[in-house]
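[1] Sequence isn't available, so here's the structure alone:
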């Protein structure tokens, strides 16, 4: 029970972090039809900016400034990169962000080196929040959840209650109509892109020190975020939310479980000799399959329900 | 339309065969020979990729899966042949890789090709991740971190072909490259190849004509995987080791770069891309640590300014050449080349200085740059490099005007001659 509750809490904080990434990705995708391959690169930049800024003026200013810088970079990417490529079609846009991810990783190598940087949890948050049975739950995990939930609430309010949010929603479905009503739709696009990347940057600032800040972090998270978006249904925010929590839970739980089919078969009274050809196959433990599980889930979803959990279109 | 077996086409392929046969006579050094072999493999791989991206409009980020699986199957086949389990000529071993690629293409393609466009791209990426992660899980087949090593000198040499010396391997690769090139070109002329283009351009209309777009995509995917598998088999023979990296995401991304840099709109575009990228990768990596960065930036520049790739740039100049007006473009091109060189010299100097500034082994951080001694610890060099780059940037924008003016000059002349 103790194990279950702690893992559940961990998976929740990880899932919320995933949703901060996938929500930006979903918004950008449903608005511009562009799948931003470099989205996780902005997450990585957020983590590195957070590390650098908190080295100079502390973690709290970094929490505000790093996402802002990332958002500015995102806006510049949209304005000077994607908008130029837009006329060549979606494949070129997709490949542009793909190439960008490549370049960002190299720039990170160039500036911060190949080894992980020492980005630590701020000392003010480095205490035990509560003790569950015997396990101490770190306050930083709680802080992560708090920031994510607060951010999502703010996002929801902006999208549904403010003028700009309504314009964004309208531009999602009828960009031409919105444009003829006198709104600058390209600027709205730029805003959405900047906002989405800033969200990714924020996720990087709070995720970079909880996990690890290294040049490979973008690739590691990037494909998981894609799985989340496909699993939840392309372009559906609610779908992305549930998918984030589900994938987060699967990843966290499967890493922690060290059982294999061999144990199960043994319980059922079937013994497989270690010399058997299939022994290697049956002895693969659940934690070993952890990297594959999300992708397997995605493939299964595509076979059973190609439009994803809550998607509305087949794409 | 030209007949399938027109004299011109046969003559063309014979010329290609002669070039393949003659290349080792010019490039005799062993490193050149191994690079040529590498290029041949890359050409097959990039062409097979373009069957998806260029011809069917499927942007796949997981094509190396089929290349890699073909390589693994061939490595195991070679080991079995070596152990005497069964007999099979080494010359035809790449075919085993092809069949493996075909089967996996049919299996995985059945899932992926149900969607097109962006979802296909993401799904192909997911499948690639899945296979790459499984490769580290199933160590019996994939050999874990160390990979599977093999030996190509197995079985009895047929007609004296033992594949010991690299030159024999080169001719094996060149032969397969020629055969697969012809086959892939011929495929573009078949009804399936034509329908693939239709499905790429307008799946709805293709459906109305009575074809199932999903099935066309699936078949193209399977065939592309077949050719990728052949390429993988050749790689297994060439390197005699196959690791999980062969089917990883980096390899998949690499083939996207090759095809796109070369140009996906023309059949021969990816060939240029494969040759150029292979050349750049081995040449640049000798000179600078930052070559991946330059390479990525080069890719971005191609996407932003010439999305048709190098092939499209060449095709653009064909009417100019036909009209005999090339020499009227050359002065403006020379000007922009010079301006670009100035800009790049400044830019490269900046990047290299950052790298050397960050470098750990620091007795002196100064380094030689095209014969010049640059010291990243002194501010003067930074300013100098930045100034050179800025001047180059201004010059490039100036030269751009001359280029467009030269084009405006020759356009009426070309229209009069009727070449455009």
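    Noted; the coordinates are in hand. Here the structure is a predicted model, which means the values were calculated and not measured.

[2] What's the first helix or strand after the helix or strand containing residue B:356?
    If you go by DSSP states H and E, residue B:356 is part of helix B:326-358. Remark: after helix B:326-358, the chain's next helix or strand is strand B:367-369, criterion DSSP H and E.

[3] Check whether that next one comes into contact with chain A.
    No: counting by CB under 8 Å from any CB of the partner chain, chain A has no neighbours in strand B:367-369; the shortest distance is 15.2 Å. For glycine as for every other residue, the C-beta is placed from the backbone atoms N, C-alpha and C.

[4] what is the mean pLDDT for the following helix or strand past that strand?
    Sequence-wise, the next helix or strand downstream of strand B:367-369 (DSSP H and E) is strand B:372-374. Strand B:372-374 shows a mean pLDDT of 75 in the predicted model.

[5] And strand B:372-374, what does it pack against?
    Where contact means 3 or more CB pairs under 8 Å, 6 or more residues apart in numbering or on different chains; DSSP states H and E, strand B:372-374 is packed against helix B:326-358, strand B:367-369.

[6] can you do 10 Å?
    The contact analysis (3 or more CB pairs under 10 Å, 6 or more residues apart in numbering or on different chains; DSSP states H and E) places strand B:372-374 against helix B:326-358, strand B:367-369, helix B:379-417.

[7] Packing partners of the helix holding residue B:356?
    Contacting helix B:326-358 under the criterion 3+ CB pairs under 10 Å, 6+ apart are the following elements: helix A:90-112, helix B:291-305, helix B:309-322, strand B:367-369, strand B:372-374, helix B:379-417.

[8] Need the contact partners of the fifth one.
    Here strand B:372-374 makes contact (CB atoms under 10 Å, 6 or more residues apart in numbering or on different chains) with B:345, B:349-350, B:352-353, B:356, B:365-368, B:381-382, B:384-385.

[9] Direction included, what does the helix or strand of chain B with the lowest mean pLDDT pair up with?
    Taking mean pLDDT, DSSP states H and E as the measure, the helices and strands of chain B show their lowest mean at strand B:367-369, namely a mean of 73. In the sheet, strand B:367-369 lines up against strand B:372-374 (antiparallel) (DSSP bridges).

[10] And the average pLDDT for stretch B:343-353 is what?
    Per-residue confidence for stretch B:343-353 averages out to 86 on the pLDDT scale.

[11] Go through it and flag the buried ones.
    Residues B:343, B:345, B:346, B:347, B:348, B:349, B:350, B:351, B:352, B:353 are the ones in stretch B:343-353 that count as buried (16 or more other CB atoms under 10 Å in any protein chain shown).

[12] hang on, isn't the third one packed against residue B:396?
    Put plainly, it is residue B:346. No: contact status for residue B:346 versus residue B:396: not in contact, 11.3 Å apart, counting by CB atoms under 10 Å.

[13] Now do the SS call for residue B:163.
    Residue B:163 falls in the coil class when you classify it by DSSP: H, G, I helix; E, B strand; the rest coil.

[14] Just put the helices and strands packed on helix B:326-358 in TSV and tack on mean neighbour count and distance to residue B:177.
    As requested, those are arranged in TSV below (neighbours: other CB atoms under 10 Å in any protein chain shown; distance: least, CB to CB, whole Å):
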stretch	mean neighbour count	distance to residue B:177
helix A:90-112	21	26
helix B:291-305	19	24
helix B:309-322	16	18
strand B:367-369	13	38
strand B:372-374	13	41
helix B:379-417	14	36
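
[15] got those as CSV, with distance to residue B:91 columns?
    What follows is these, written out as CSV (distance: least, CB to CB, whole Å):
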stretch, distance to residue B:91
helix A:90-112, 37
helix B:291-305, 34
helix B:309-322, 32
strand B:367-369, 47
strand B:372-374, 51
helix B:379-417, 49
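
[16] for these, which one sits closest to residue A:40?
    Proximity to residue A:40 (CB to CB) singles out helix A:90-112 among those, at 7.3 Å.

[17] Could you name the helices and strands sitting against the helix or strand following the closest one?
    Of the helices and strands lying after helix A:90-112 in sequence (DSSP H and E), the nearest is strand A:128-132. In terms of contacts (3+ CB pairs under 10 Å, 6+ apart), strand A:128-132 is packed against helix A:2-32, strand A:135-138, helix A:139-161.

[18] The stretch 101-250 of chain A against chain B: which residues are in contact?
    Where proximity means CB under 10 Å from any CB of the partner chain, the interface of the stretch 101-250 of chain A facing chain B comprises A:101-107, A:109-113, A:219, A:222-227, A:229-231, A:234.

[19] measure residue B:321 to residue B:408 for me?
    18 Å (CB to CB, to the nearest Å).

[20] now residue A:32
    Separation of residue A:32 from residue B:408 (CB to CB) stands at 34 Å.

[21] Over to residue B:228?
    Plainly put, residue B:228 is 44 Å away from residue B:408 if you go by CB to CB.

[22] And residue B:233, by the same measure?
    Counting by CB to CB, the gap from residue B:233 to residue B:408 is 51 Å.

[23] So which residues of the stretch 51-200 of chain B form helices?
    With DSSP state H, counting those that start in this stretch as the criterion, the stretch 51-200 of chain B has helices at B:64-83, B:93-112, B:117-137, B:139-142, B:166-188, B:191-201.

[24] quick one: buried residues of the fifth one?
    Meaning helix B:166-188. If you call a residue buried by 16+ other CB under 10 Å, then helix B:166-188 has these buried ones: B:166, B:168-178, B:180-181, B:184-185, B:187-188.
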